[in-house]
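Peer 1: Sequence and computational prediction follow.
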Amino acid sequence: MTTSPSNQDERRSAILLAAFKLFGQTGYAKATMKDIAAKAGVAQGLIGYHFGTKETLLVEAVREWMLNKGMKAAFAELDPHGSPAEILEQALLHVVKFRKENPEWFTLLINLWTESVNNDKLAAELRELYKEMKSGIMVILDRMELRMERRDQETLASLIQAVFDGLTLQAPVPLSTEPISREQVSLGIGWLLEGARTTAQRKGEPNHE
């Protein structure tokens, strides 16, 4: 009996969710493929069919939550008619909400960072994930029409990316008992955009409010 594509997609999604939960709760080293299969309700061999190795499953779990569930969901919530400050605020608040609703995300990302230190393949995958994330941030910056040179936009994108990582690192309760507030986000965005406008002005660009 042939499994339909929709069933295959459902099982793949179930495996990714199980990996996200177990990697995020018990850690990459302790979570076994057998455990993940049991939590997903699938045969262990199906994990190999869809992902091949445990390393690949870790990368794809990070990709799913960083890009598909994180960035794409953020894009869907952005108001394309908002001001630059409003668009950035919406994006950063989405990150705050995301890490609050997905506590496993902190451990999952730390797992990939840690495992990639002595693993060239994982390090390359991690760099590719961050390149994809930065490209998404550049799309947001392009919407803002900040009148900045491309290189300066890339610098700003890297800074915003660092803020995203910082918010993730604050996720554990011992480091941050409360998520960053809307007021703090608004203030920080003001600082970022003021720096962007100053950079543009220094290079002879007009000041667009």
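Peer 2: Ah, there it is.
Peer 1: and Ser6, how many neighbours?
Peer 2: For Ser6, the count of nearby residues is 8 (other Cβ atoms under 10 Å). To be clear about C-beta, it is placed using only N, CA and C from the backbone, and glycine gets the same treatment.
Peer 1: Output the lowest mean pLDDT helix or strand found in the chain.
Peer 2: The weakest-scoring helix or strand in the chain, judged by mean pLDDT, DSSP states H and E, is helix 182-202 (a mean of 65).
Peer 1: quick one: contacts for Glu154?
Peer 2: Glu154 makes contact with Lys134, Met138, according to Cβ atoms under 8 Å, 6 or more residues apart in numbering.
Peer 1: For it, what is the enclosing helix or strand?
Peer 2: Counting by DSSP states H and E, the element that carries Glu154 is helix 150-169.
Peer 1: now the longest helix along the chain, how far from the chain's geometric center?
Peer 2: Assignment by DSSP state H gives helix 120-144 as the longest helix of the chain. Helix 120-144 sits 9 Å away from the centroid of its parent chain (Cα atoms, centre = their mean, to the nearest Å).
Peer 1: Please name every helix or strand in contact with it.
Peer 2: Packing partners of helix 120-144 (3 or more Cβ pairs under 8 Å, 6 or more residues apart in numbering; DSSP states H and E): helix 54-63, helix 72-77, helix 84-101, helix 104-116, helix 150-169.
Peer 1: between those helices, which gets nearest to Asn7?
Peer 2: Comparison of the helices and strands packed on helix 120-144 against Asn7 by Cβ to Cβ identifies helix 54-63 as nearest, at 18.7 Å.
Peer 1: I'd like to know which elements that closest one is packed against.
Peer 2: In terms of contacts (3+ Cβ pairs under 8 Å, 6+ apart), helix 54-63 is packed against helix 5-26, helix 33-40, helix 44-51, helix 104-116, helix 120-144.
Peer 1: buried ones in the third one?
Peer 2: Pointing back at helix 44-51 there. Leu46, Ile47, His50, Phe51 (16 or more other Cβ atoms under 10 Å).
Peer 1: picking that back up, and among the helices and strands packed on helix 54-63, the most buried is which?
Peer 2: Highest mean neighbour count of those: helix 104-116, a mean of 19 (counted as mean count of other Cβ atoms under 10 Å).
Peer 1: low-confidence ranges in the chain?
Peer 2: For the chain, the stretches flagged by pLDDT under 70 are 1-5, 170-186, 188-189, 191-193, 195-209.
Peer 1: Next up, the contacts around the residue nearest the centre of it.
Peer 2: Compute the mean C-alpha point of the chain, and by Cα atoms, centre = their mean the closest residue is Met66, 2.9 Å away. By Cβ under 8 Å, 6+ apart, the contact set of Met66 is Leu109, Leu129, Met133.
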